[in-house]
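Peer 1: no sequence for this one, just the structure:
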């Protein structure tokens, strides 16, 4: 495997793909990703109390998760290394009247400014990062450091178990599906890079070793990616039914095990 597949794409790679990324977010599959993640977070965040929470969104991009949480009254700091993504996040926050609740910081999870690495955040999101890193345990340790004891941690990654199904059902490429059974990488057209794939089992072990407890596994896009008629997903009534189904399946065994994305939500040990 070549070295350029082992490091995150340069910030300019993301900046030049902004239009494509925004189109993806507004598509049914993108909307489902954000709606389901938000529902799972809200379910767990209720245990942290009624007041505004201090949230750190690592690799938060253009604020897809952050603005939703800010709209609920929380204060969110987005860290990303792509200037255009951060500019888009600030614009999105401003359009929603949320500028005072959203702070954008250009940076890297492994070299956070001291003000962010003080361990005082109530919630830390690590939703768009592991696919672009070659050492998941190191990244998880760095992303857990700013979280206070008892705080909530949410991790999202591309589910390795979904890749053979995706290739077989959507691409009808059965030889590639067989090959994917032994691979932990996949390509992406959007950012022109190789993506790391993970399983909930291996990531849960890492999180437990690094000091997380009560880790819950959720699936995101459990069925959406297996419906090949993408045009139907744009129909409002069909999408509403699809979203209800996805929300009903997100934490239900066994569907999360083959969902396109996995989300793990847990608490940092201690009080």
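Peer 2: Sure, I can see it. Just so it is clear, the model here is predicted, and its values are computed rather than measured.

Peer 1: Going by C-alpha atoms from here, please, whenever you check contacts or count neighbours.
Peer 2: OK.

Peer 1: Would you confirm that residue 247 contacts residue 36?
Peer 2: Yes: with contact defined as C-alpha atoms under 8 Å, residue 247 counts as touching residue 36 (6.1 Å).

Peer 1: what about the helices in the stretch 51-200 of the chain?
Peer 2: 66-71, 83-95, 136-144, 163-169, 174-180, 200-209 (DSSP state H, counting those that start in this stretch).

Peer 1: and the first one, how far from the chain's centre?
Peer 2: With C-alpha atoms, centre = their mean, to the nearest Å as the basis, the distance from the averaged C-alpha position of helix 66-71 to the chain average is 14 Å.

Peer 1: Contacts for it, please.
Peer 2: Contacts with helix 66-71, where a contact means C-alpha atoms under 8 Å, 6 or more residues apart in numbering, come from 38, 57, 60, 75-78, 92-93, 96, 98, 101-102.

Peer 1: returning to what we had before: ok, which of the helices of the stretch 51-200 of the chain comes nearest residue 222?
Peer 2: helix 163-169 (11.3 Å; C-alpha to C-alpha).

Peer 1: Which other helices and strands does the closest one contact?
Peer 2: Packing partners of helix 163-169 (3 or more C-alpha pairs under 8 Å, 6 or more residues apart in numbering; DSSP states H and E): helix 174-180.

Peer 1: Which positions within the helix it packs on qualify as buried?
Peer 2: Going by neighbour count (16 or more other C-alpha atoms under 10 Å), the buried part of helix 174-180 is 177, 180.

Peer 1: Counting by contacts, list what it packs against.
Peer 2: helix 163-169.

Peer 1: And the average pLDDT for the helix it packs on is what?
Peer 2: The average pLDDT for helix 163-169 rounds to 96.

Peer 1: Select the longest strand from the chain.
Peer 2: Scanning the chain for the strand with the most residues, using DSSP state E, yields strand 147-158.

Peer 1: Next secondary structure element downstream of the helix or strand bottoming out on mean pLDDT in the chain?
Peer 2: None of the helices or strands of the chain scores lower by mean pLDDT, DSSP states H and E than helix 11-16, at a mean of 59. Using DSSP states H and E, the next helix or strand after helix 11-16 towards the C-terminus is helix 18-26.

Peer 1: I'd like to know how many residues surround residue 75.
Peer 2: Neighbour count of residue 75, defined by other C-alpha atoms under 10 Å: 21.
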